[in-house]
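[1] Let's see this in three dimensions:
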Amino acid sequence: LVLPSAMSSLGYVVGVFVCVFFALLSTYIGLILGRIRNNFYPNCVSYKSLSKACCGDRFEYMLEFLTCINWFMSMALYILTAVESFQAAFPNTSMCGYDWGLICVAIMIPAMAITDMKSIEWFAAIS
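    Just a heads-up that it's a prediction; the model follows:
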């Protein structure tokens, strides 16, 4: 819900301009990453291996740390969003946010145990 909020506060003209600008910037960065990988480091298969090849071990560890922080914060955001959704969907229950949070985490635990892409097919089929 951040995008509609940003569009309403910026206005349609500036909001559309900012969205288009960041879309073009993301495309350009993707092209640069693709060229670096294809032309200079064809054996790299991930951001981590590409960062190590380009900048060394220290940058690789920093990128891994920042990626884990991003995943942790995203997971917390998803859990809080799910809790708010359940509270809005079932307003007359006696369950508090902590109860809904535990339910959401219990549902997510099997998905966090996935180690290969073949297992994801079953979760995709269920959803």
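[2] and the lengthiest helix in the chain, what's its mean pLDDT?
    For the chain, the helix with the greatest residue count under DSSP state H is helix 57-89. Over the span of helix 57-89, the pLDDT mean works out to 90.
[3] so what secondary structure elements neighbour that helix?
    On a contact count with 3 or more Cβ pairs under 8 Å, 6 or more residues apart in numbering; DSSP states H and E, helix 57-89 meets helix 47-55, helix 97-112. Just so you know, the C-beta spots here come from the backbone N, C-alpha and C atoms, and that holds for glycine as well.
[4] In the longest one, which residues are buried?
    This points to helix 97-112. Of all the residues in helix 97-112, those buried under the rule 16 or more other Cβ atoms under 10 Å are Trp100, Cys104.
[5] The next helix or strand after that helix relative to helix 97-112, how many degrees between them?
    Using DSSP states H and E, the next helix or strand after helix 97-112 towards the C-terminus is helix 117-126. With axes from the mean of the first three to the mean of the last three Cα atoms, to 10 degrees as the basis, helix 117-126 and helix 97-112 are set at 130 degrees to each other.
[6] Quick one: list the elements packing against the strand or helix carrying Gly30.
    For Gly30, the host element (DSSP H and E) is helix 12-39. Packing partners of helix 12-39 (3+ Cβ pairs under 8 Å, 6+ apart): helix 2-10, helix 47-55.
[7] from the middle of its chain, how far away would the last one be?
    In other words, helix 47-55. 20 Å (Cα atoms, centre = their mean, to the nearest Å).
[8] contacting residues around it?
    Identification of contacts with helix 47-55 by Cβ atoms under 8 Å, 6 or more residues apart in numbering yields Leu33, Ile36, Arg37, Phe40, Tyr41, Asn43, Cys44, Phe59, Glu60, Leu63, Glu64, Thr67.
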